[in-house]
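J.: Got a sequence here, can you model it:
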Amino acid sequence: MRRSNGRRAALTLLELIIASTLLTLLMTSVATLLRTARLAWQVQQEDAARMESAYGALRHVVRWVRQAESLVAASDASNNSGYLTIQLPNKERFAWRHDPSSAQLLFGKGTADQLLAEKIEGFTVETFRADGVTPTSDPDQVQCLRISIRVRLPGEKNRPHTVRSWVMMRAW
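T.: Numbers count the residues shown, from 1 in each chain. Alright, predicted model coming up:
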């Protein structure tokens with residue numbers, strides 16, 4: 001088919017190259033955007049999993065300490081890889097301990113030998129008298145504890161986050 005000026009109505013090679021280049025740029029931009037969104041989603045999911053692990057471990061410790069009759073042993077407040085042992089009214093003992101080499105928080109009946117949480121950077125136990133202000137290292141005088149668990153979040157350039165809770169032993 002010819003136009004009235006004598007030229008064919010079709011795409012030239014230059015027009016095809018320009019259209020292909022624009023389409024390639026558009027598809028590359030979309031692929032890059034989708035890849036970035038997927039990576040951001042994965043990092044956010046890992047951050048959320050680590051925080052949930054820390055909160056879950058903290059809830060676990062607090063629940064057991066509330067039932068405790070007495071404190072058997074606790075690490076010094078300055079120890080970032082701490083330990084804690086309590087005794088229940090039925091004389092059972094439960095223990096928690098942080099293993100810095102594997103970044104795990106361990107728990108167990110009598111001895112902390114079972115995995116409670118992974119990727120835990122620190123476990124700190126601070127012991128106080130009943131007023132919640134006066135620190136004490138005497139297990140017989142401990143009525144209140146502040147438990148801290150620290151994790152590193154890869155989505156925030158491995159900046160550590162700490163979750164804390166105060167807990168009173170009920171059976172004092």
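J.: make it CA atoms for all contacts and neighbour counts henceforth
T.: Noted.
J.: how deep is R63 tucked in, by neighbour count?
T.: The burial count assigned to R63 is 13, neighbours taken as other CA atoms under 10 Å.
J.: what is the mean pLDDT for the helix or strand hosting A31?
T.: Per DSSP states H and E, A31 falls inside helix 13-66. Averaging pLDDT along helix 13-66 yields 93.
J.: who does the helix or strand following that helix touch, helix- and strand-wise?
T.: Using DSSP H and E, the next helix or strand after helix 13-66 towards the C-terminus is strand 70-74. When contacts are defined as 3 or more CA pairs under 8 Å, 6 or more residues apart in numbering; DSSP states H and E, strand 70-74 packs onto strand 83-87.
J.: Does the strand it packs on pack against any helices or strands, and if so which?
T.: strand 70-74, strand 93-99, strand 122-128.
J.: closest to T24 out of these?
T.: strand 122-128 (49.2 Å; CA to CA).
J.: What's the first helix or strand after that closest one?
T.: Toward the C-terminus from strand 122-128 - assigned by DSSP H and E - lies strand 144-153.
J.: helices or strands next to the helix or strand following that next one in the packing?
T.: Using DSSP H and E, the next helix or strand after strand 144-153 towards the C-terminus is strand 159-168. Helices and strands touching strand 159-168, by 3+ CA pairs under 8 Å, 6+ apart, are helix 13-66, strand 144-153.
J.: Out of these, which one sits most buried?
T.: When the helices and strands packed on strand 159-168 are scored by mean count of other CA atoms under 10 Å, the highest mean neighbour count falls to strand 144-153 (a mean of 22).
J.: Starting from it, tell me which strands it pairs with and how they run.
T.: Strand pairing for strand 144-153, determined by DSSP bridges: strand 122-128 (antiparallel), strand 159-168 (antiparallel).
J.: what's the angle between the first one and strand 93-99?
T.: In other words, strand 122-128. Angle of strand 122-128 versus strand 93-99, following axes from the mean of the first three to the mean of the last three CA atoms, to 10 degrees, is 130 degrees.
J.: again with the last one
T.: What separates the directions of strand 159-168 and strand 93-99 is an angle of 160 degrees, with the same axes, to 10 degrees.
J.: Please identify the buried residues of strand 159-168?
T.: By 16 or more other CA atoms under 10 Å, the buried positions in strand 159-168 come out as R164, V167, M168.
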